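Student: Compute the structure for the input listed below.
(chains A and B)
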Amino acid sequence: MTKTKDHPSLSEEFNRDEARVDWHDKTLWWIRQKRDKAAHTLPEWEQLREAASQIKNNVLGNLSGYLIAFEERAKANGAVVHWARDAQEHNEIVLSVLKQHDVKQIVKSKSMLTEECHLNEFLHHKGIDVIDTDLGERIVQLANEPPSHIVLPCIHKKKEEIGELFHQHLGTPEGNADPQFLTEAARLHLREKFLTREAAITGVNFAVAETGEFVVCTNEGNADMGADLADVHIACMGIEKIIPQRKHLSIFLRLLARSATGQPITTYSSHFKRPRPGQQLHIVLVDNGRTQQLGRDDFRNSLKCIRCGACMNTCPVYRRSGGHSYHTAIAGPIGSILAPNLNMREYADLPFASTLCGSCSNVCPVKIDIHDQLYKWRQVLVKEGYSPQTKTVGMKVMAKVLSNTALYQRAGKIGRWILRVIPGLVNNRFNPWFAQREMPESPKTSFRDWYTKNRKS
Amino acid sequence: MNSREKILSRVKQNQPEAKALPDIDHFHGNIETVIDRFRSVLVSIGGEVHMVNTMEEIQTIVGSKIPDKARVVNLTDVDFFFGEEISEQTNPHSLENVYLAILRSPLGVAENGAIWLTAKDTRVRALPFICEHLAVILSKEKIVPTLHEAYDILEISDHDYGVFIAGPSKTADIEQSLVLGAHGSKSMTVFIM
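Tutor: Below is the predicted model of the structure:
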């Protein structure tokens, strides 16, 4: 398999259109500011974060018991519970349920897990037509792209591009890029799908061990338009979505939308406990690397994530490099600590796509130490031999020079001479440092020479 | 070992030492200002709020908004001049042309402008989503300050299905421009009595 492009080269592509980068940056920062405003209206905000973090700690330490309890209650409520070790098994389970009901066309509301498992692609190859119903997800689906943000899937697209996509696929008038008009067109287009599809897939935001119910949050109402009209509802969830008791929803629902978009709550927070009379409810519990991450002392906290996207909106690297540069289903800081767990070689670049400024950890509603984990992943990746070749060689040379006084002095002299006399030797495209920077003007003498000279005089 | 056993045994093997749950019972909001807060929050997220004293007032306000021959579902047990009832057996697909649904909510939350509905209140789960416009009657005694008090009440609830709805359905997926009326209702009106 050929390795996909890494974060630096993909961000370079994204950065070619400077005006778009500025717009992307500003839009996400505006959402970050809305988050701040919402958080500041609650004096107890920090206590809520602490409570959420502690509840999630409790979940990680009792996960096997909570999973068994959830399964037992969900079954008693009338759901069919499936277990999938990896993406492949998850996809096969979904397919077998659809086959069992002879369903060829389905609607799906937002689920990052199904993105992680590449379910759409899989079902497409098996002859099943999947329609994503979240507006942003439908837009990227029509564009044949993955989402670039977990909450705002098409944040990288301009309205004119969306207008063009709708013109091609939904037959809207050419050149119409009015968001109100396009949203109405999508509403009509998708309503027909909701009314004719027999099966609906949804994600899960929280699953309650105590009651066997699960909660799905949307602003558009698409999860319910799918699940409440279809004969079969399949809910796909990672095993870390469990929370102990129903009352804990108060903590998480207070934090989730405020952290994500600055709203006090999403428009809809639906609690699915029992299937409708005559309806089939399937719940798929998925591992796909989560048990492995649970065993990593330094990284298990990443499993506390509630997928609000706040770390992306605040991240100076994400805002200026775009979600697609991360070449994984979940972009940004949190994605960069989740992805290497699944495949170190493929995602070795991601923990380096950070300034380690710590802003992600400061806004995280469940207090994941995101930037510490990014730093720790770097150590692991270098030790395991996955660091980029150029960096490894450079570091080795640097270590040798810095540990030898004579070598260090000679290297400094040569360096200053080169910068002064033949700057072209370093100011060129073969030097990765020069790519985004001007090389410094070289001083005439080193500090050591200056000190020796001035002390004597 | 099947997948269930494999996953559970790996979880058990890898999960850290168990930590106690935090006490969250001290979280609560201010009961004094619930009506004002509910009202201002719901309006800020695109909802409409009316303070009313009688059912006649609701009939006048709602009646004036319904176009000729528009289909209305009324689950309030009040004999308005508009509206039909539906039952648990009503096919949800048959509701696609409902212009307005009016029903009662047993619980409102001031901090986020949300009202709670169960399958008992809506008879058919899809109703508050598939209708073009949603109207809800909420008694002012049933508004609690925050979600903490709401879940204290819901602790004993044995709903098949329940939903918090806060305002009309919305999306900002196209360049972050807020548009009301994504897939669910295009407006939400709450009558506080």
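Student: Point out the other helices and strands that the longest helix belonging to chain A packs with.
Tutor: In chain A, assigned by DSSP state H, the helix with the most residues is helix A:18-40. In terms of contacts (3 or more Cβ pairs under 8 Å, 6 or more residues apart in numbering or on different chains; DSSP states H and E), helix A:18-40 is packed against helix A:249-260, helix A:310-314, helix A:316-321. C-betas here are computed from N, CA, C, even on glycine.
Student: which helices and strands does the second one pack with?
Tutor: Using 3+ Cβ pairs under 8 Å, 6+ apart as the contact criterion, the elements in contact with helix A:310-314 are helix A:18-40, helix A:316-321, helix A:332-342, helix A:359-363.
Student: got a list of contacts for that helix?
Tutor: For helix A:310-314, the surrounding residues in contact (Cβ atoms under 8 Å, 6 or more residues apart in numbering or on different chains) are A:28-29, A:31-32, A:35, A:149-150, A:259-260, A:318-319, A:323, A:331-334, A:359-365, A:370.
Student: Which positions within it qualify as buried?
Tutor: For helix A:310-314, burial by neighbour count (16 or more other Cβ atoms under 10 Å in any protein chain shown) applies to A:310-314.
Student: what about the one residue in the stretch 101-250 of chain A that gets nearest to chain B, neighbour count?
Tutor: Closest to chain B within the stretch 101-250 of chain A is residue A:221: 2.7 Å, counting by Cβ to the nearest Cβ. The tally of other residues near residue A:221 (other Cβ atoms under 10 Å in any protein chain shown) stands at 31.
Student: separation between it and residue A:184?
Tutor: Between residue A:221 and residue A:184 the computed distance is 15 Å (Cβ to Cβ, to the nearest Å).
Student: and what of residue B:54?
Tutor: Per Cβ to Cβ, residue B:54 is found 36 Å from residue A:184.
Student: Same drill for those two, tell me which one is more crowded.
Tutor: residue A:184 (16 against 9).
Student: Now do the contacts for that one.
Tutor: Counting by Cβ under 8 Å, 6+ apart, residue A:184 makes contact with residue B:181.
Student: Looking at it now. What's its pLDDT?
Tutor: The model reports residue A:184 with a pLDDT of 96.
Student: now swap in residue A:422 and tell me
Tutor: For residue A:422, the model assigns a pLDDT of 81.
Student: ok so, going back, please tabulate the helices and strands packed on helix A:310-314 in a markdown table, including the columns mean neighbour count.
Tutor: Formatted as a markdown table, the helices and strands packed on helix A:310-314 follow (neighbours: other Cβ atoms under 10 Å in any protein chain shown):
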| stretch | mean neighbour count |
| --- | --- |
| helix A:18-40 | 16 |
| helix A:316-321 | 21 |
| helix A:332-342 | 26 |
| helix A:359-363 | 20 |
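Student: Let's have those helices in TSV, adding mean pLDDT.
Tutor: Output for the helices and strands packed on helix A:310-314, formatted as TSV (pLDDT from 0 to 100):
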stretch	mean pLDDT
helix A:18-40	97
helix A:316-321	98
helix A:332-342	97
helix A:359-363	98
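Student: a markdown table for those, including distance to residue A:216?
Tutor: Shown next, in a markdown table, are the helices and strands packed on helix A:310-314 (distance: least, Cβ to Cβ, whole Å):
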| stretch | distance to residue A:216 |
| --- | --- |
| helix A:18-40 | 21 |
| helix A:316-321 | 26 |
| helix A:332-342 | 20 |
| helix A:359-363 | 23 |
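Student: wait, what's in contact with the closest residue to chain A within chain B?
Tutor: Closest contact between chain B and chain A, by Cβ to the nearest Cβ, is at residue B:184 (2.7 Å). Shown in contact with residue B:184 (Cβ under 8 Å, 6+ apart): A:220-221, A:224-225, A:267-268, B:128-130, B:168-169.
Student: Next: residue A:170.
Tutor: Residue A:170 makes contacts with A:185-186, A:189, as judged by Cβ under 8 Å, 6+ apart.
Student: Most neighbours among those residues, please name it.
Tutor: Among the contacts of residue A:170, residue A:186 has the most neighbours (other Cβ under 10 Å), with 26 neighbours.
Student: Any buried residues in the helix or strand containing that residue, and which?
Tutor: Per DSSP states H and E, residue A:186 falls inside helix A:179-196. Buried residues in helix A:179-196, counted by 16+ other Cβ under 10 Å: A:179, A:181-187, A:189-191, A:193-194.
Student: next structured bit after it?
Tutor: Counting by DSSP H and E, the element after helix A:179-196 in chain order, helix or strand, is strand A:199-202.
Student: residues in contact with the next helix or strand after that next one?
Tutor: Going down the chain from strand A:199-202, the next helix or strand is strand A:206-208, by DSSP H and E. Applying Cβ under 8 Å, 6+ apart, the contact partners of strand A:206-208 are A:70, A:213-215, A:237, A:241-246, A:248-249, A:252, A:283, A:306.
Student: Toward the C-terminus, what is the element adjacent to strand A:206-208?
Tutor: Next helix or strand after strand A:206-208 toward the C-terminus (DSSP H and E): strand A:214-218.
Student: Now do that next one against helix A:249-260, angle only.
Tutor: If you take axes from the mean of the first three to the mean of the last three Cα atoms, to 10 degrees, strand A:214-218 sits at 30 degrees to helix A:249-260.
Student: What is the burial count for the residue lying closest to residue A:127 once chain neighbours are set aside?
Tutor: In this structure, residue A:127 finds its nearest non-sequential neighbour in residue A:104, 6.8 Å apart by Cβ to Cβ, 6 or more residues apart in numbering or on different chains. The burial count assigned to residue A:104 is 14, neighbours taken as other Cβ under 10 Å.
Student: Contacts only, for residue A:104.
Tutor: The contact partners of residue A:104, taken as Cβ under 8 Å, 6+ apart, are A:98, A:127-129.
Student: could you redo the last one with a cut-off of 10 Å?
Tutor: Contacts for residue A:104 were tallied using Cβ atoms under 10 Å, 6 or more residues apart in numbering or on different chains; they are A:98, A:123, A:126-129, A:197-199.
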